[in-house]
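S.K.: Have a look at this prediction, sequence included:
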Amino acid sequence: MDSALDFHGLRALLQWQVELGVDEAIGDVPVNRYEAPAAAPKAVAPAAQKAVPLHAAPDAEAAARQAAEGANDLDALRAALAAYDHCELKRGARNLVFADGVPGARVMIIGEAPGREEDRAGRPFVGQAGKMLDRMLASIGLSREENVYITNILPWRPPQNADPKPGEIAMMRPFMQRHVELAAPEMVILVGNISCQAGLGERGITKLRGKWTEAWGKPALPMFHPAYLLRTPAAKRAAWADLLAVQARLRGDAS
C-alpha cells in the first residue's frame with residue numbers, strides 16, 4: 001500500500017481537518033464507493049439539462065396548502081409539517097425546527113432557516129445569532145420566555161446554511177400563513193432577506209428595513225438578521241432604531 005494512503009496517514013489527515021474546524025461531510029448522505037459504477041456516467045449535454053424551477057412544483061404547493069389549512073392548532077400544524085414529504089431539506093436535517101417562545105404573544109419574529117445549532121437543538125435562534133436576538137429583545141423589555149413567539153420560514157436546515165431555493169420558500173408559504181393565523185400576533189418582525197422574500201415577495205433588507213408594511217395580514221417590520229449584525233457592527237444603530245419602532249407600536253405611540 002502507498003505509504004501516503006496508509007491507515008496512519010489517513011488518520012492524521014482526518015485529525016488535521018477536525019482541528020481546522022471541519023465537522024461534517026460535504027455530501028448530504030454517505031457514499032459507498034464499493035457500489036460506485038465501474039465507468040463514470042456520461043456527461044449530459046447542457047441543452048439536455050433540466051432547468052431549476054423558480055417555484056415549487058404544483059403538487060408540492062397544493063399538498064402544503066391542504067396540510068396547512070387542515071391544522072386547527074399549532075400542535076396540529078407542527079404535525080402537518082413533520083408529515084410533509086415534498087421538501088428535500090427534510091431528508092438532510094436532524095430535527096424539525098418549529099418554534100420557540102410564547103404562542104399568542106403580541107410579537108412574532110420570523111427568521112430565515114435553522115443553522116447548525118438550531119438543527120441540533122430543534123429550536124430557532126439558539127446559536128450566537130440567537131443570543132444576539134435575546135439581547136436585542138431584552139433592550140426593549142421583551143423575551144421569548146414571556147412575550148415573544150419565534151419561528152423560521154424554513155423548519156429544516158439547508159446544507160451548509162445555503163440560502164433556501166425559491167421553490168422551497170414557495171412550498172413553505174402556506175404553512176407560514178397558517179402559522180401566523182394560529183399564533184395570532186399583533187405584529188410580525190421579518191428578520192433577514194429570506195423572511196422578506198417569503199412575506200413580501202421581495203428582497204433587499206437594507207432598503208426594506210425600518211419601514212412598516214404588511215405580511216400575512218399583520219403589520220410587519222423588516223429588520224436586519226442578528227447574524228448580519230454580528231458580522232457588521234455598524235448596522236446596530238439601524239437595528240436599535242427598528243427596535244424602538246417596535247416598542248413604540250406596542251405602547252400605542254405609532255400607527
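M.R.: Thanks, I have it.
S.K.: And the helices in this protein, which stretches?
M.R.: Ranges of helices in the chain, per DSSP state H, are 7-20, 58-69, 74-83, 89-92, 116-121, 128-138, 166-183, 193-200, 205-208, 226-231, 236-251.
S.K.: Point out the most buried one among the ones you listed.
M.R.: helix 193-200 (a mean of 23; mean count of other CB atoms under 10 Å). (Each C-beta comes from the backbone N, C-alpha and C, glycine too.)
S.K.: what's in contact with it?
M.R.: 110-113, 153-154, 163-164, 169, 172-173, 176, 188, 190, 202-205, 208, 213, 215-216, 220, 222, 225 (CB atoms under 8 Å, 6 or more residues apart in numbering).
S.K.: repeat that for 6 Å
M.R.: Contacting residues not belonging to helix 193-200 are listed as 110, 112, 153, 169, 173, 190, 203, 205, 208, 215, 222 [CB atoms under 6 Å, 6 or more residues apart in numbering].
S.K.: quick check: angle from that helix to helix 166-183?
M.R.: 70 degrees (axes from the mean of the first three to the mean of the last three CA atoms, to 10 degrees).
S.K.: just how off-centre is helix 193-200 within its chain?
M.R.: How far helix 193-200 lies from its chain's middle: 11 Å, per CA atoms, centre = their mean, to the nearest Å.
S.K.: Give me the mean pLDDT for that helix.
M.R.: Averaging pLDDT along helix 193-200 yields 96.
S.K.: go on, stretch 98-111?
M.R.: In the prediction, stretch 98-111 has an average pLDDT of 98.
S.K.: quick revisit: want to throw the contacts of helix 193-200 into TSV with distance to M132?
M.R.: As requested, the contacts of helix 193-200 are exported to TSV (distance: CB to CB, whole Å):
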residue	distance to M132
I110	16
E112	14
I153	19
I169	24
R173	27
L190	17
R203	22
I205	16
L208	20
A215	23
P222	17
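S.K.: which pair in those spans the largest distance?
M.R.: R173 and I205 (18.5 Å; CB to CB).
S.K.: Quick one, grab the pLDDT at the closest residue to G127 other than its chain neighbours.
M.R.: Take G127 and drop its neighbours on the chain: the residue closest to it by CB to CB, 6 or more residues apart in numbering is E117, 3.6 Å away. Per-residue pLDDT puts E117 at 95.
S.K.: Please apply the same query to the one 5 residues further on.
M.R.: With respect to pLDDT, G122 has a value of 97.
S.K.: hang on, isn't it packed against N95?
M.R.: Yes. With contact defined as CB atoms under 6 Å, G122 counts as touching N95 (3.8 Å).
S.K.: Could you find the closest non-adjacent residue to E202?
M.R.: C196 (6.3 Å).
S.K.: for L81, what are its contacts?
M.R.: 155, 175.
S.K.: how close does it sit to R237?
M.R.: Applying CB to CB, to the nearest Å, the value for L81 to R237 is 37 Å.
S.K.: Just give me the residue closest to the centre of the protein.
M.R.: The chain has A113 as the residue nearest its centroid, 0.8 Å off, counting by CA atoms, centre = their mean.
S.K.: And for the nearest residue to that residue once chain neighbours are set aside, the neighbour number?
M.R.: Spatial nearest neighbour of A113, chain neighbours left out: L154 (3.8 Å); criterion: CB to CB, 6+ apart. L154 has 25 neighbours, counted by other CB atoms under 10 Å.
S.K.: got a list of what L154 touches?
M.R.: 113, 164, 172.
S.K.: which residues does the first one contact?
M.R.: It stands for A113. 152, 154, 158, 164 are the contacts of A113 under CB under 6 Å, 6+ apart.
S.K.: Which pair of these spans the longest distance?
M.R.: Farthest pair in these, by CB to CB: N152 and P158, 10.9 Å.
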